[in-house]
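A.B. asks: Take a look and give me a structure for this.
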Amino acid sequence: MPPLSELSNEALADLRAGLRQEFEALKGQGLKLDMTRGKPASAQLDLSAEMLALPGNRDTTAEDGTDARNYGNLQGLAETRALFATLMGAPADQIVVANNSSLALMHDTIVYALLKGVPGGKGPWSKEEPISFLCPVPGYDRHFALCEGYGIRMIPVEMTGEGPDMDAVEKAAADPSVKGIWCVPKYSNPSGETYSEATTRRLAAMKTGAPDFRIFWDNAYAVHHLTTERPALANILEACAEAGNPNRAVVFASTSKVTLAGAGLALWASSPENVRWYLAQAGRRSIGPDKLNQLRHVRFLRDDAGIAAHMEKHRALIGPKFAAVDEAFAARLNGQGVARWSAPKGGYFITLDVQDGTASKVVALAKEAGIALTPAGATHPYGKDPHDRTLRIAPTFPSLAEVRKAAEAVALCTLLAACEARLAG
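C.D. replies: Next up is the predicted model:
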């Protein structure tokens, strides 16, 4: 069939009738499929099942003699920090290991900055309102929710395939009210792209209006590969130090999608001065993290090679699911001129760009058919996609058969929404 743009209204009407018939049959199947969040499936969590028996009743002493059952060690055990030094791109003494949520670390860093200010600044960010953050789009809805919840104005910046549009970033960052930028630099959520070295170095070296500008470097998918091709990501902390801006970047990560999503470790890294600042604030909030869980991770993952081997097991489970989505979309949508989608080399998401003005309709149709998708607009600040075009597809949690069925259904909904929009327009 030729692209929809080449069909006459009569041909479009015939196509719509056929697609509607298919859609009614789909609704009749009583599907209940969830493609909303990037959660690991039970089979992925099972990969870490033996970790639950660690560190063992009598294995509670860290390398330095610390009793992991007790209070203290706010920065985290030395061997745990060393385990993640490569992943974080920082020496162990510039890493903080906390409890299970990296989002909680991002939240606390924002709140501490608002209430206390950060090194290099004039004082609490809240005293300088209004303040703004740059938000690459499509981006991560939970980043946007943090900003919205604390009244931080969001400025969208388009992604380019090599990271955010740096011309736009540099222009916007000249405004003193712009205090930072959100970045998911490797296998970005949801576009899947990895920032180029040029992008990373420009972020590190650019002139900013705010002397205390911060890069929130959320490297959530640093080791989450889907192929044997492993794109390199420049070290942001080293780049900032070389550019004379050592305090500019704060790196976040976690083991939520490495070991156990609800019982992982959250990781924070930055310059020595920023580490001292963070620990001074966090020390008022906690006497120390769960160090038994830190020992558990050290005993289970062991070293960089252990992390890599473990992540290969994840790849074997989720790689086929991403391939199934690509195959289903290609079978139905190739050549129609109504959609394009990413083929990520890692991460947890596929971006589906549908015909402008139809993303909300696709989500509504999918819901009718029993398939839950992330709301249209979730990939943009304030939930508003100006083109009503971008959808985030999360294939990891359902079974392979369910993923294939859901992808086929989403493709049908995409084509039906585009067909009806063209007839209406």
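
A.B. asks: ok, which stretches of the stretch 101-250 of the chain are strands?
C.D. replies: 132-137, 153-158, 178-183, 214-218, 249-254 (DSSP state E, counting those that start in this stretch).

A.B. asks: The stretch 301-425 of the chain too?
C.D. replies: Under DSSP E, counting those that start in this stretch, the stretch 301-425 of the chain gives strands at 339-341, 350-354, 371-373, 390-393.

A.B. asks: packing partners for the last one?
C.D. replies: Translated: strand 390-393. In terms of contacts (3 or more CB pairs under 8 Å, 6 or more residues apart in numbering; DSSP states H and E), strand 390-393 is packed against strand 350-354, helix 359-368. In short, each C-beta sits where N, CA and C put it, glycine included.

A.B. asks: Contacts for it, please.
C.D. replies: 35, 138, 189-190, 325, 341, 349-354, 359, 362-363, 373-374, 376, 378-380, 407, 410 (CB atoms under 8 Å, 6 or more residues apart in numbering).

A.B. asks: hmm, 6 Å instead?
C.D. replies: 35, 138, 190, 349-350, 352-353, 359, 374, 379 (CB atoms under 6 Å, 6 or more residues apart in numbering).

A.B. asks: List the strands paired with it, with their directions.
C.D. replies: strand 350-354 (antiparallel) (DSSP bridges).

A.B. asks: could you dump the partner strand to CSV, C-alpha only?
C.D. replies: Extracted in CSV, the C-alpha atoms of strand 350-354 (Å, rounded to 0.1, in the frame of the first residue of the first chain):
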residue,chain,number,x,y,z
ILE,A,350,11.6,2.9,22.5
THR,A,351,10.4,6.3,21.2
LEU,A,352,7.5,6.2,18.8
ASP,A,353,6.8,9.4,16.9
VAL,A,354,3.3,9.2,15.4
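
A.B. asks: That one versus helix 359-368: what angle between them?
C.D. replies: 110 degrees (axes from the mean of the first three to the mean of the last three CA atoms, to 10 degrees).

A.B. asks: for the stretch 101-250 of the chain, what spans make up the helices?
C.D. replies: For the stretch 101-250 of the chain, applying DSSP state H, counting those that start in this stretch gives helices covering 102-116, 141-149, 166-173, 197-205, 236-242.

A.B. asks: In the first one, which residues are buried?
C.D. replies: Burial within helix 102-116, assessed by neighbour count using 16 or more other CB atoms under 10 Å, is assigned to 102-103, 105-114.

A.B. asks: circling back: present the strands of the stretch 101-250 of the chain as a markdown table; the columns should include mean pLDDT and mean neighbour count.
C.D. replies: Converted to a markdown table, the strands of the stretch 101-250 of the chain look like this (pLDDT from 0 to 100; neighbours: other CB atoms under 10 Å):
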| stretch | mean pLDDT | mean neighbour count |
| --- | --- | --- |
| strand 132-137 | 98 | 23 |
| strand 153-158 | 98 | 18 |
| strand 178-183 | 98 | 25 |
| strand 214-218 | 98 | 25 |
| strand 249-254 | 98 | 26 |
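
A.B. asks: between those, which one is nearest to residue 126?
C.D. replies: When those are compared by CB to CB, strand 178-183 sits nearest residue 126, at 10.9 Å.

A.B. asks: Sheet partners, orientation included, of the closest one?
C.D. replies: Partners of strand 178-183 in its sheet, by DSSP bridges: strand 132-137 (parallel), strand 214-218 (parallel).

A.B. asks: need those in CSV with distance to residue 388, can you?
C.D. replies: Listed next are the strands paired with strand 178-183 as CSV, based on distance: least, CB to CB, whole Å:
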stretch, distance to residue 388
strand 132-137, 13
strand 214-218, 26
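
A.B. asks: Point out the one among those that comes closest to residue 68.
C.D. replies: Nearest to residue 68, of those and by CB to CB, is strand 214-218 at 27.8 Å.

A.B. asks: wait, what's in contact with residue 184?
C.D. replies: Contacts of residue 184 (CB under 6 Å, 6+ apart): 140, 218.

A.B. asks: measure it to residue 362 for me?
C.D. replies: 24 Å (CB to CB, to the nearest Å).

A.B. asks: Kindly report the same for residue 401.
C.D. replies: Taken as CB to CB, the span from residue 401 to residue 362 is 22 Å.

A.B. asks: who's more crowded, those two?
C.D. replies: Using other CB atoms under 10 Å as the criterion, residue 401 and residue 362 rank with residue 362 on top: 27 against 9.

A.B. asks: and that one, what pLDDT?
C.D. replies: pLDDT recorded at residue 362 is 98.

A.B. asks: I'd say it and residue 413 touch.
C.D. replies: Yes. Assessed by CB atoms under 6 Å, residue 362 is found in contact with residue 413 at 4.9 Å.

A.B. asks: any idea of the angle the helix ranked longest in the chain forms with strand 350-354?
C.D. replies: Using DSSP state H, we find that the single longest helix of the chain is helix 304-333. Interaxial angle, helix 304-333 versus strand 350-354 (the same axes, to 10 degrees): 20 degrees.

A.B. asks: Student question: in the chain, what's the helix or strand with minimum average pLDDT?
C.D. replies: strand 33-35 (a mean of 92; mean pLDDT, DSSP states H and E).

A.B. asks: Can you list the buried residues in that one?
C.D. replies: 33, 35.

A.B. asks: and that strand, what does it pack onto?
C.D. replies: The contact analysis (3 or more CB pairs under 6 Å, 6 or more residues apart in numbering; DSSP states H and E) places strand 33-35 against strand 371-373, helix 400-424.
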